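Undergrad: Based on what follows, work out the 3D shape:
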Amino acid sequence: MQRLERVLPVLVFVVMLGANLLNAPNLSIPILLLAIVSALIPGVIIFGLIKFLEWWMAR
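TA: Next up, the predicted model:
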């Protein structure tokens, strides 16, 4: 579970960041920051869900 906790959110972040950057009309600092934040949110959600699942199974 520890490996999944590290790998899956990073994979989601990298894939979504790549998709955001590929679909960006031009690359400027605000668009780059928006792409990073919009890729970071699902990664954090996945990390939180894995932590919740660990807590649920340990209970």
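Undergrad: drop to CA atoms for contacts and neighbour counts, all remaining ones
TA: Will do.
Undergrad: What are the boundaries of the helices in this structure?
TA: Assigned by DSSP state H, the chain shows helices spanning 2-22, 29-58.
Undergrad: Would you mind putting these into a markdown table with mean neighbour count alongside?
TA: Output for these, formatted as a markdown table (neighbours: other CA atoms under 10 Å):
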| stretch | mean neighbour count |
| --- | --- |
| helix 2-22 | 15 |
| helix 29-58 | 14 |
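Undergrad: As a markdown table, these with mean pLDDT would be great.
TA: Formatted as a markdown table, those follow (pLDDT from 0 to 100):
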| stretch | mean pLDDT |
| --- | --- |
| helix 2-22 | 93 |
| helix 29-58 | 95 |
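Undergrad: Confirm for me that I36 is in contact with G18.
TA: No - I36 is beyond contact range of G18, at 9.6 Å (criterion: CA atoms under 8 Å).
Undergrad: what residues are up against the most centrally placed residue in the chain?
TA: Note on the chain: the residue nearest the mean C-alpha position is G43, at 2.1 Å, using CA atoms, centre = their mean. By CA atoms under 8 Å, 6 or more residues apart in numbering, the contact set of G43 is 9-10, 12-13.
Undergrad: wait, which of the residues you listed is closest to L49?
TA: Among those, P9 lies closest to L49 (CA to CA), at 10.1 Å.
Undergrad: Please list all residues in contact with the closest one.
TA: Residues near P9 by CA under 8 Å, 6+ apart: 42-44, 46-47.
Undergrad: so how far is N26 from it?
TA: Per CA to CA, to the nearest Å, P9 is found 26 Å from N26.
Undergrad: cool, and V7?
TA: Counting by CA to CA - V7 and N26 are separated by 30 Å.
Undergrad: What of V15?
TA: Distance from V15 to N26, by CA to CA: 19 Å.
Undergrad: Could you do W56 as well?
TA: 44 Å.
Undergrad: can you check I36 too?
TA: From I36 to N26 the distance is 15 Å (CA to CA).
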